[in-house]
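> below: sequence and its predicted model.
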Amino acid sequence: MLKPYITAIFTFFLVFAGFASAEHNGAHAAESKDIKTEIKSYINHHLQDSHDFNLFELNGSHVGFPLPVILWDNGLHVFLSSAFHHGETVAESNGNYYTLFHNKVYRTDAAGAITLDDHQHPTNVAPLDFSITKNVFMILVVALLMLWMFGSMSRSYKSGKGLPQGVGRFLEPIILYIRDDIAIPNIGEKHYKKFMSYLLTVFFFIWIVNLFGLTPLGVNVTNNIAITFCLAILTYLITTFSAKKDYWMHIFWMPGVPAPMKLVLAPIELLGTFIKPFSLMIRLYANITAGHIVMMSIIGLMFIFKNWIGSSLSFFLAFVLSILELLVAALQAYVFTMLSALYFGSAVEEHHHEEAHH
Amino acid sequence: MEKLISEFSVGLFFWQLVIFVSLILLLRKFAWKPILSAVDERETKISEALDQAEKAKAEVARLQSNNEALLREAQAERDAILKAARDAKDAMITEAKTKASEEANRMIEQAREAIRNEKLAVMTELKNQLAAFSLEVAEKLVKEQLSTNTKQAELANKLVSEIKLN
């Protein structure tokens, strides 16, 4: 039953991978200055968030659609990102002028002047930017997709007499895997239920968002530190607020070790509670960012080699790497969920024979 | 590290937090709880069904052994009844035989008695008849012998001669 789904998913991404290469091909066809610098800036641009949803460039014009810009600068300023004209013009809102500099919004004057300091950082005031950027848009899309997918799945149980229908048949084993092999072994039969919603949501969110990152839409949500920070801080907060007496006991007054050691261990253990979610944040961020950089560099190599051996070799490499990235997309979701479950497990763990441990 | 901090976008963090937390809450209400409870329900149903099947199997085995025991009992009972009937039959036959032979013996004895009695009666009758005949014959003879005087004298002589006086 599973096979057609898997085949369909792979076909989907392979087709898109091919499409992706073709798209970059077109974008870089124009022979301009130094091609290496161009590839580098293109990669950087790809990794950054953007105020409009840019699908691709065709003959120097952008194909895509604008997104709303929401700024807090002594009052609310809302306008469409098309006002920036891709950073080329100054947008005016309620008497204030704003411009884009390296994809960031700065307040400026009507001429759009940006003053730079010694480190090439603008000294202009940056207003609080709550814009619906490309990544926010993607998060919304993924959230709606998940709501639709799992909502219809849960409804299908009623009509299917306790059996899932359609896509649920593919998703149910994954949900059961998270329950039986991630949540229950790490948290325990007694407490696992209250963490299931978070673990399932975080797993599918990271996975789907990573998969979208592999499509040529050019969105990679999880390579934003703000996203992984948000997920990690949620794990940290849930761990901290569901922690039982034993958890704090093990941090501040480790049982079973001599008193001086307890004093030494306490700050280390306390630091550990922050390092754990911090590692979650960095791991997801770094894996996805690295994957995208390597992927795009290899695609970029095609335009540097410019001969059929080198280009086809890098196409083959990009193809293999796409498949590897498919694995990484799921693996990172798994690792994040697994480690979150592990931390929740340590927070709710109850030691009946305290002195026997450690 | 500095790069990471400079890359950090407050707006993105804010939206991610809002969207993600509401996603968790919405999915919990509309998806995870119904799905997990449906799965749980199905799992309990399956394990219950398995338990019931196990129980039914045990019940069948129990009934089978019960049936066998009942069958054995019935067979034993039948055997006992047959044996009793056979015994009764044998006893009746023997009894009838003894009774019949006894009766026969008794009747034979009676017949013998009757025969003996008849024989005795006949003999007595015969004796009486013989005695009467003898007496008649003797009378007639005596009458014949002593019809004349000579003959009486002869007799007297004979009788006298027979008396030997020693």
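Happy to help now that I have it.
> which positions in chain B make contact with chain A?
Within chain B, the residues that sit near chain A (CB under 8 Å from any CB of the partner chain) are B:4, B:7-17, B:19-24, B:26-28, B:30-36, B:38-39, B:41-42, B:45. (Glycine included, C-beta is placed from N, CA and C.)
> let's see 6 Å
Within chain B, the positions adjacent to chain A are B:4, B:7-9, B:11-17, B:19, B:23-24, B:27-28, B:30-32, B:34-35, B:38, B:42 by CB under 6 Å from any CB of the partner chain.
> tell me what the helix or strand that contains B:Arg42 is packed against?
Under the criterion of DSSP states H and E, B:Arg42 resides in helix B:33-145. Judged by 3 or more CB pairs under 6 Å, 6 or more residues apart in numbering or on different chains; DSSP states H and E, helix B:33-145 is in contact with helix A:134-159.
> angle of the helix it packs on against helix B:33-145?
Calculated by axes from the mean of the first three to the mean of the last three CA atoms, to 10 degrees, helix A:134-159 forms an angle of 20 degrees with helix B:33-145.
> check which helices and strands the very next helix or strand once past the helix holding B:Arg42 is in contact with.
The C-terminal neighbour of helix B:33-145 among helices and strands, as given by DSSP H and E, is helix B:149-162. The contact analysis (3+ CB pairs under 6 Å, 6+ apart) places helix B:149-162 against no helix or strand.
> for helix B:149-162, C-alpha coordinates in PDB please.
Extracted in PDB, the C-alpha atoms of helix B:149-162 (Å, rounded to 0.1, in the frame of the first residue of the first chain):
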ATOM      1  CA  ASN B 149     -70.700-141.700  52.400                       C
ATOM      2  CA  THR B 150     -67.900-143.700  51.100                       C
ATOM      3  CA  LYS B 151     -66.000-140.800  50.100                       C
ATOM      4  CA  GLN B 152     -66.500-139.400  53.600                       C
ATOM      5  CA  ALA B 153     -65.300-142.500  55.100                       C
ATOM      6  CA  GLU B 154     -62.300-142.700  52.800                       C
ATOM      7  CA  LEU B 155     -61.400-139.200  53.800                       C
ATOM      8  CA  ALA B 156     -61.800-139.900  57.300                       C
ATOM      9  CA  ASN B 157     -59.600-142.900  56.900                       C
ATOM     10  CA  LYS B 158     -57.000-141.100  55.000                       C
ATOM     11  CA  LEU B 159     -56.900-138.400  57.600                       C
ATOM     12  CA  VAL B 160     -56.700-141.000  60.300                       C
ATOM     13  CA  SER B 161     -53.900-142.700  58.500                       C
ATOM     14  CA  GLU B 162     -52.100-139.600  58.200                       C
END
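> quick one: contacts of it?
The contact list for helix B:149-162 (CB atoms under 6 Å, 6 or more residues apart in numbering or on different chains) reads B:Gln145, B:Leu146.
> how far off centre is the helix holding B:Arg42?
Centre-to-centre, helix B:33-145 and its host chain are 9 Å apart (CA atoms, centre = their mean, to the nearest Å).
> out of the residues of chain B next to chain A, which are buried?
Neighbour counting by 16 or more other CB atoms under 10 Å in any protein chain shown classes B:7, B:9, B:11-17, B:19, B:23-24, B:27-28, B:30-32, B:34-35, B:38 among the residues of chain B next to chain A as buried.
> so which of those sit within helices?
Using DSSP state H, the subset of these located in helices is B:7, B:11-17, B:19, B:23-24, B:27, B:34-35, B:38.
> report the separation between A:Phe278 and A:Tyr343.
12 Å (CB to CB, to the nearest Å).
> so between these two, which is more surrounded?
Legend: neighbour count by other CB atoms under 10 Å in any protein chain shown for A:Phe278 and A:Tyr343, higher for A:Tyr343 (23 against 15).
> sec struct for that one, please.
helix (DSSP: H, G, I helix; E, B strand; the rest coil).
> where does the nearest residue to it once chain neighbours are set aside land on pLDDT?
Spatially, and ignoring its direct neighbours in sequence, A:Tyr343 is nearest to A:Thr239 (4.7 Å; CB to CB, 6 or more residues apart in numbering or on different chains). pLDDT, A:Thr239: 92.
> tell me the centre residue of the chain?
Chain wasn't specified; assuming chain A. With distances taken as CA atoms, centre = their mean, the residue of chain A nearest its centroid is A:Thr222 (1.3 Å).
> switch to chain B, that's the one I care about
Centre-nearest of chain B using CA atoms, centre = their mean is B:Ala84, 2.6 Å out.
> residue 48: how many residues sit nearby?
Assuming you mean chain A. 18.
> meant chain B actually
Neighbours around B:Glu48, by other CB under 10 Å: 10.
> up against chain B, what does chain A have?
Counting by CB under 6 Å from any CB, chain A sits next to chain B at A:129-131, A:135-136, A:139, A:143, A:150-151, A:154, A:157, A:162, A:197-198, A:200-201, A:224-227, A:230.
> hmm, back to that, quick check: phi and psi on the nearest residue to the residue nearest to the centre of chain A once chain neighbours are set aside?
Spatial nearest neighbour of A:Thr222, chain neighbours left out: A:Ile288 (4.5 Å); criterion: CB to CB, 6+ apart. Listed backbone geometry of A:Ile288 is phi -70, psi -40, with angles given as degrees, to the nearest 10.
> please report the distance of A:Ile288 from A:Ala330.
12 Å.
> which one's more surrounded, the two?
A:Ile288 (27 against 16).
> I figured that one hits A:Val219, correct?
No - using CB atoms under 6 Å, A:Ile288 makes no contact with A:Val219, being 11.4 Å away.
> which residues are in contact with A:Val328?
With CB under 6 Å, 6+ apart, A:Val328 has these contacts: A:Gly291.
> that one is in what secondary structure piece?
Assigned by DSSP H and E, A:Val328 falls in helix A:308-348.
> pLDDT score for B:Lys45?
For B:Lys45, pLDDT reads 91.
> with adjacent residues omitted, what lies nearest to it?
A:Gly162 (7.1 Å).
> that's a strand at the one you found, yeah?
No - counting by three-state DSSP, A:Gly162 is not found in a strand; it is coil.
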